[in-house]
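**Q** Got a predicted structure plus its sequence, pasted below:
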Amino acid sequence: MAPNPHFDYIIIGNGLAGLQLALKMSEDQFFNDKQIALIDLSEKKENDKTWSFWETEPSQWNHLVYKSWEKAAVITSKKEFSLELYPYNYKTVRAIDFYSHAKTRLKKYENFHFFIDIVEHLEEEKTFVVLKTQNNTYSASHVFDSRIPEEFSFKSNAHISISQHFKGWIIQTKNDFFDDTAFTMMDYRLKDKNQTTFTYFLPFSKTEALVEFTYFTEQIVPDETYDSFIKTYISEYLKIENYSVIETEVGNIPMTSFPFEKSNSKNITKIGTAGGWVKGSTGYSFKHTEKKVAKIVENLKHNRLPSKDLFKKRFKFYDKVFLKVLRDENHKGEWLFQQFYQKNFIQSIFRFLDEESTFMEELKIMQSLFSWSFIKAFFKTL
């Protein structure tokens, strides 16, 4: 490799977006003669998160799925909803399994190159980008960058932002305890004051489950606050006294109307969270990433700007209204989600959140959430 090598494409960050993009490129003959570099600041050797998503069959991810469910529950302080998901399955993939699969596959191709380094500066020229790291200088015809833009701030008044922040424990019991045929998407019975908080419960087997306490709020909380609620949920709602914590995970996902796409340029495309690929109203990203990388590959093959048509404007509008209600009247989160699941079929909800719904389905869903808070948010957003 030359001291200052040139690549057709450089991908900054070996996370979900970067690796999904690289995998999609590796599957297409168009990229066989393209030199592609992936740069990350460290080698991922531990499971740092889990991704959950819904999809119909067939699926390219089935060999990586840690557990899947055909049934779900949503529990509020007033009502419990049992949800039959067919034709969808809800699935969980452990990040370490995805990382290992992606890297093993990509290292079979001579035109994919991995570097452990810290990117310090990008300088965009007319037809290429100069990328400076701690250890080298590279150039590329196009750079896909997963680093959050410096302009983004949770505290900015120019856009709407709340955080989906959480901590989860994977617990294990000695004896069979859990019904692993259904998971709990949201349980609002245990709350932190008058905020939108809920417990997320994934039973991986009869003896192993993830218990996660989640906030949709502007402010984060100390680590011990999550722990206290998780302990309470296990003892008072799951009724478990003896268990061991075998793994923990923490996260802070931005749910925001920030226009990440404005950071894209002719030769640099923001990807992942940095590109606005996380669904603003839910924080889900796995399947949205799959769609975005497929669109980017299609655009590259047709000599179009990679970021062309990555977003549907009406869904960004829906997300913005939803976020405004959650930010301005956070105490109404439980009511909002109860209406959401009570008045709509789960299949319609999944299509809506996947941005695959018809306009009539969208009208029905928006009508189900109609309230004075929603009306105000709707017109303020307009």
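**A** Thanks, I have the structure now.
**Q** Show me the domain layout of this protein.
**A** According to the domain assignment given by automatic domain parsing, the chain is divided into the following structural domains: 6-49+94-151+258-301, 161-254, 313-381.
**Q** Which of those domains sits closest to L85?
**A** domain 313-381 (6.1 Å; CB to CB). Backbone N, C-alpha and C define where each C-beta goes, glycine included.
**Q** Distance check, the nearest residue to I346 once chain neighbours are set aside against L310.
**A** Sequence neighbours aside, L83 is the residue nearest to I346 in space, at 4.6 Å (criterion: CB to CB, 6 or more residues apart in numbering). Between L83 and L310 the distance, using CB to CB, to the nearest Å, works out to 30 Å.
**Q** Which positions in stretch 37-53 come out as buried?
**A** By 16 or more other CB atoms under 10 Å, the buried positions in stretch 37-53 come out as A37, L38, I39, D40, K44, N47, K49, T50, W51, S52, F53.
**Q** likewise stretch 202-213?
**A** Neighbour counts using 16+ other CB under 10 Å place L202, P203, F204, T207, E208, A209, L210, V211, E212, F213 of stretch 202-213 among the buried residues.
**Q** which pair in these spans the largest distance?
**A** Of all pairs drawn from these, the one with the longest distance (CB to CB) is T207 and F213, at 21.2 Å.
**Q** related to what we said a few turns ago, from the buried residues of stretch 202-213, pick the one nearest E125.
**A** The shortest approach to E125 among these belongs to E212, at 45.2 Å (CB to CB).
**Q** ok, now which ones touch the closest one?
**A** By CB atoms under 8 Å, 6 or more residues apart in numbering, the residues touching E212 are F166, K167, G168, W169, T199, Y200, F201, L202, I230, E249.
**Q** List the beta-bridge partners for the first one.
**A** By that I understand F166. Beta-bridge partners recorded for F166 (DSSP bridges): T214, G251.
**Q** Make sure it is actually in contact with G251.
**A** Yes - the pair F166 and G251 qualifies as a contact (CB atoms under 8 Å) at a distance of 5.5 Å.
**Q** what sits against the residue most central in space within the chain?
**A** Against the mean C-alpha coordinate of the chain, by CA atoms, centre = their mean, the closest residue is S285 at 2.7 Å. For S285, the set of contacting residues under the criterion of CB under 8 Å, 6+ apart consists of L16, W51, I253, G272, T273, W277, V278, K279.
**Q** Among those residues, which are located in helices?
**A** The subset of these located in helices under the criterion DSSP state H comprises L16.
**Q** so which of the contacts of S285 comes closest to T92?
**A** Distance to T92, by CB to CB, is smallest for W51 among the contacts of S285, at 7.1 Å.
**Q** L131 should be in a strand, yeah?
**A** Yes - the assignment for L131 is a strand, going by DSSP: H, G, I helix; E, B strand; the rest coil.
**Q** Wait, it touches I10, no?
**A** Yes - counting by CB under 8 Å, a contact exists between L131 and I10, whose distance comes to 6.0 Å.
**Q** Quickly list what's touching both of those two.
**A** Shared contacts of L131 and I10, defined by CB under 8 Å, 6+ apart, are found at I39, Y138, A140, V143.
**Q** Return the residues in contact with the residue lying closest to the second one once chain neighbours are set aside.
**A** Leaving aside its sequence neighbours, Y138 sits nearest to L131 (CB to CB, 6+ apart; 4.6 Å). For L131, the residues meeting the contact criterion (CB under 8 Å, 6+ apart) are I10, I12, I39, V119, H121, L122, E123, T137, Y138, S139, A140, V143.
**Q** For ChimeraX, write the selection for the buried entries among the residues you listed.
**A** The command below creates a ChimeraX selection of those among the contacts of L131 that count as buried (16+ other CB under 10 Å):
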select :10,12,39,119,122,138,139,140,143
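**Q** Any chance of a markdown table for the contacts of L131, columns secondary structure?
**A** Compiled in a markdown table, the contacts of L131 are given as follows (three-state DSSP):
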| residue | secondary structure |
| --- | --- |
| I10 | strand |
| I12 | strand |
| I39 | strand |
| V119 | strand |
| H121 | strand |
| L122 | strand |
| E123 | strand |
| T137 | strand |
| Y138 | strand |
| S139 | strand |
| A140 | strand |
| V143 | strand |
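**Q** Okay, Q164 and F337: tell me how far apart.
**A** Counting by CB to CB, the gap from Q164 to F337 is 13 Å.
**Q** quick revisit: farthest pair within the buried residues of stretch 37-53?
**A** Using CB to CB, the two most remote members of the buried residues of stretch 37-53 are A37 and S52, lying 30.4 Å apart.
**Q** between the buried residues of stretch 202-213, which is closest to K71?
**A** Comparing every one of the buried residues of stretch 202-213 with K71 (CB to CB), the shortest separation belongs to P203, at 11.1 Å.
**Q** Thank you kindly, that will do.
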